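> fold the following for me, if possible:
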Amino acid sequence: MPTPKNSEGIRVLVTGAAGFIGSHLSRELVRRNAEVFLIDKPGINTARIEDILDKVRVHYVDITDFSSLKNSIREIRPQKIFHLAAYVDVTRDWVIVDKMINVNIKGTLNLLRSLDGVNYDCFVNTGTCEEYGDNPTPFSEDQVPNPVSPYSASKVSATMFCQMLHKTVNLPIVTVRPLLTYGPGQESQMLIPSLIKNVLKGKSFKMTKGEQTRQFNYIDDVVEGFILAGTTPEGIGEVINLGSGAEYRIKDVAKMILNLMGNPIKLEIGALPYRPGETMHFYCSNEKAKKILGWRPNIPLKVGLKRTIDWYKNEFS
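All right, here's what the predicted structure looks like:
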């Protein structure tokens with residue numbers, strides 16, 4: 001699916017299509033002329049995909065409902081599956097464990113079981129950088145996962161099931177682990193959109209000392225990584241990081257955003273304490289993605305931030 005021309009007619013399924021990454025991926029697949037089917041739970045907010053609803057076929061199904069899911073899969077019969085549906089909550093609260101197990105583990109297995117008898121050539125499982133926990137950086141795929149929350153533990157479990165099913169019954173599965181991703185339409189509680197919205201409202205922004213480093217990846221680069229993972233036979237059976245490979249201090253990213261927006265508000269650096277157990281370095285190696293997928297991030301941070309700022313300006317003007 002590298003070009004719009006040879007994507008035509010390929011039946012592609014995206015679960016979790018109304019989410020941040022899922023919506024951008026679905027839109028790009030439509031642009032490349034794939035035959036796109038979407039699965040999301042009933043009652044989901046489809047605002048992110050409103051512009052493509054007339055170009056795709058949506059099945060409103062809860063992936064924890066195996067019977068309904070199997071009926072939809074029988075109808076769709078996808079050639080490629082991008083599985084992004086998940087319950088995301090990175091808190092340490094034990095109350096959420098049952099839902100993590102039901103959605104992230106059982107839901108993934110329900111989808112794979114539903115595909116029995118379908119002649120698909122690639123299932124892209126979405127892992128998470130949270131699977132690395134507090135491992136030393138840069139995170140590499142050969143590190144033993146070290147989950148630190150119910151969410152990360154559930155994603156490790158799903159990844160291991162996928163790896164096991166590839167090894168034992170040769171299912172064509174690849175797992176991608178996207179690092180921190182930003183861009184138009186991201187949830188507003190994240191650093192980049194929340195700061196941009198504060199600037200647009202003319203409100204000062206309180207933050208920690210900002211010495212912790214993170215890796216920021218523009219959504220278009222991450223989407224390209226997903227598509228390459230779904231179209232590169234050499235990736236089958238692998239776990240592959242999708243990250244820029246570069247780390248930035250949080251305070252430097254915040255200053256870059258303010259500079260791009262004309263520095264109209266005060267950035268209150270150090271006004272907030274670090275979170276308990278704050279991870280001071282969080283970034284990955286992307287050598288495996290380069291080698292196997294031929295993937296390299298193309299959007300520099302400053303360019304991606306400018307695009308994101310422009311989107312929010314237009315959205316909230």
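> so what does the longest helix seen in the chain touch, helix or strand wise?
Across the chain, the longest stretch assigned as helix under DSSP state H is helix 150-169. Under the contact criterion of 3 or more CB pairs under 8 Å, 6 or more residues apart in numbering; DSSP states H and E, helix 150-169 touches helix 97-100, helix 107-114, strand 122-126, strand 173-178. For the C-beta atoms, the positions are set from N, CA and C on the backbone; glycine is no exception.
> avg pLDDT for it?
For helix 150-169, the mean pLDDT works out to 97.
> coming back round to it: export the helices and strands packed on helix 150-169 as CSV, with columns for mean neighbour count, distance to N71 and mean pLDDT.
Conversion of the helices and strands packed on helix 150-169 to CSV gives the following (neighbours: other CB atoms under 10 Å; distance: least, CB to CB, whole Å; pLDDT from 0 to 100):
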stretch, mean neighbour count, distance to N71, mean pLDDT
helix 97-100, 15, 23, 96
helix 107-114, 21, 9, 98
strand 122-126, 25, 19, 98
strand 173-178, 25, 23, 98
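> centroid residue for the chain?
I21 (4.9 Å; CA atoms, centre = their mean).
> against L69, how distant is it?
For I21, the distance to L69 (CB to CB, to the nearest Å) stands at 21 Å.
> residues near G277, how many?
8 (other CB atoms under 10 Å).
> who touches it in this structure?
Applying CB atoms under 8 Å, 6 or more residues apart in numbering to G277 gives the contacts V148.
> can you rerun that using 6 Å?
Going by CB atoms under 6 Å, 6 or more residues apart in numbering, G277 touches no other residue.
> please apply the same query to V88.
Contacts of V88 by CB under 6 Å, 6+ apart: none found.
> for F226, which non-adjacent residue is spatially closest?
Spatial nearest neighbour of F226, excluding adjacent residues (CB to CB, 6 or more residues apart in numbering): L25 at 5.5 Å.
> any idea how this protein splits into domains?
Listed domain ranges for the chain are 5-180+217-243+285-298, 191-214+247-282+305-311 (source: automatic domain parsing).
> what comes up buried for the longest helix of the chain?
Across helix 150-169, burial judged by 16 or more other CB atoms under 10 Å covers 150-159, 161-163, 165-166.
> same thing with stretch 213-229?
213-229.
> so what touches that stretch?
1, 24-25, 28, 82, 124, 174, 176, 178-183, 235, 242-244, 247, 249, 281-283, 293, 295, 297, 299, 301, 304.
> what do you get for stretch 34-45?
Looking at what lies outside stretch 34-45 - CB under 6 Å, 6+ apart - the contacts are 7, 10-15, 17-18, 29-30, 56-62, 76.
> what's the closest of the buried residues of helix 150-169 to V103?
For the buried residues of helix 150-169, the closest approach to V103 (CB to CB) belongs to S154, at 7.9 Å.
> was I right about the closest one contacting N104?
Yes: checked against CB atoms under 6 Å, the pair S154 and N104 is within contact range at 3.9 Å.
> next, S68: phi, psi?
phi -70, psi -40 (degrees, to the nearest 10).
> quick one: strands adjacent to the helix or strand bottoming out on mean pLDDT in the chain?
Least confident helix or strand of the chain, by mean pLDDT, DSSP states H and E, is strand 281-282 with a mean of 92. Sheet pairing of strand 281-282 (DSSP bridges) gives strand 213-214 (parallel).
> immediately after the partner strand, which helix or strand?
strand 217-218 (DSSP states H and E).
> alpha carbons only: can I get the next helix or strand along the chain from that next one in PDB?
Sequence order places helix 219-231 as the next helix or strand after strand 217-218, per DSSP H and E. C-alpha atoms of helix 219-231 as PDB (Å, rounded to 0.1, in the frame of the first residue of the first chain):
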ATOM      1  CA  ILE A 219       1.000  11.900  13.500                       C
ATOM      2  CA  ASP A 220       1.800  11.700   9.700                       C
ATOM      3  CA  ASP A 221       5.100   9.900  10.400                       C
ATOM      4  CA  VAL A 222       3.400   7.400  12.800                       C
ATOM      5  CA  VAL A 223       0.600   6.700  10.300                       C
ATOM      6  CA  GLU A 224       3.300   6.000   7.600                       C
ATOM      7  CA  GLY A 225       4.900   3.600  10.000                       C
ATOM      8  CA  PHE A 226       1.600   1.700  10.500                       C
ATOM      9  CA  ILE A 227       1.100   1.400   6.800                       C
ATOM     10  CA  LEU A 228       4.600   0.200   6.200                       C
ATOM     11  CA  ALA A 229       4.200  -2.400   9.000                       C
ATOM     12  CA  GLY A 230       1.000  -3.600   7.200                       C
ATOM     13  CA  THR A 231       2.700  -3.900   3.800                       C
END
